[in-house]
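Colleague: Provided below for reference: sequence and predicted model.
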Amino acid sequence: MNVGLKRIYDPADDADGYRVLVDGMWPRGVAKRDAALDEWCRELAPSKSLRQWYGHDRERWDEFYRAYRRELRESDADTLARLREHARRHGLTLLFAARDVEHNNARVLKEHLEDS
């Protein structure tokens, strides 16, 4: 399974495969026509309350990680299966807006897709 991670602000590349934005809100400063998206999976983003609580505070990372994994276990199984299929066939890049490339929802989602 080939799942990559990339900030939405980084240029698209042919090696990205299927490009999916996994944030609940549209990223600032990115025009939809320039995003080179194949899909926007808002439904897989952390809940608004979890996102606001976390606020990209690294001290809350472990708890955010566990809570978001719980949310993903209860999310749309068909969407997750479809993304796994893209990852197996053509590659999948999960796009996110967060500045922290190590502590963000896309990283958690990537692990969830690979573990299942």
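Modeller: Yes, it's here.

Colleague: SS state for the residue of the chain most remote from its centre?
Modeller: Farthest-out residue of the chain from its mean C-alpha position, per C-alpha atoms, centre = their mean: residue 59, at 20.6 Å. Taken by DSSP: H, G, I helix; E, B strand; the rest coil, the conformation at residue 59 corresponds to helix.

Colleague: that one and residue 107: what is the separation?
Modeller: Note on residue 59: its distance to residue 107, by C-beta to C-beta, to the nearest Å, is 17 Å. (Each C-beta comes from the backbone N, C-alpha and C, glycine too.)

Colleague: what does residue 38 give?
Modeller: Per C-beta to C-beta, residue 38 is found 20 Å from residue 107.

Colleague: what does residue 72 give?
Modeller: Residue 72 sits 12 Å away from residue 107, going by C-beta to C-beta.

Colleague: what's near enough to touch residue 50?
Modeller: Each residue near residue 50 by C-beta atoms under 8 Å, 6 or more residues apart in numbering is listed here: 64, 67, 68, 71.

Colleague: that should have said residue 2, apologies.
Modeller: For residue 2, the contact set (C-beta under 8 Å, 6+ apart) comprises 17, 87, 88, 91, 92.

Colleague: mind doing that once more with 6 Å?
Modeller: 87, 91 (C-beta atoms under 6 Å, 6 or more residues apart in numbering).

Colleague: could you count how many residues lie near residue 17?
Modeller: Applying other C-beta atoms under 10 Å, we find 18 residues neighbouring residue 17.

Colleague: and the nearest residue to it once chain neighbours are set aside, backbone torsions?
Modeller: Setting aside the residues directly before and after it, residue 17 is nearest to residue 91 in space (C-beta to C-beta, 6 or more residues apart in numbering), at 2.7 Å. The phi and psi values for residue 91, taken as degrees, to the nearest 10, are phi 90, psi 150.

Colleague: same question for residue 21.
Modeller: phi -80, psi 130.

Colleague: since that was my last question, I'll sign off now.
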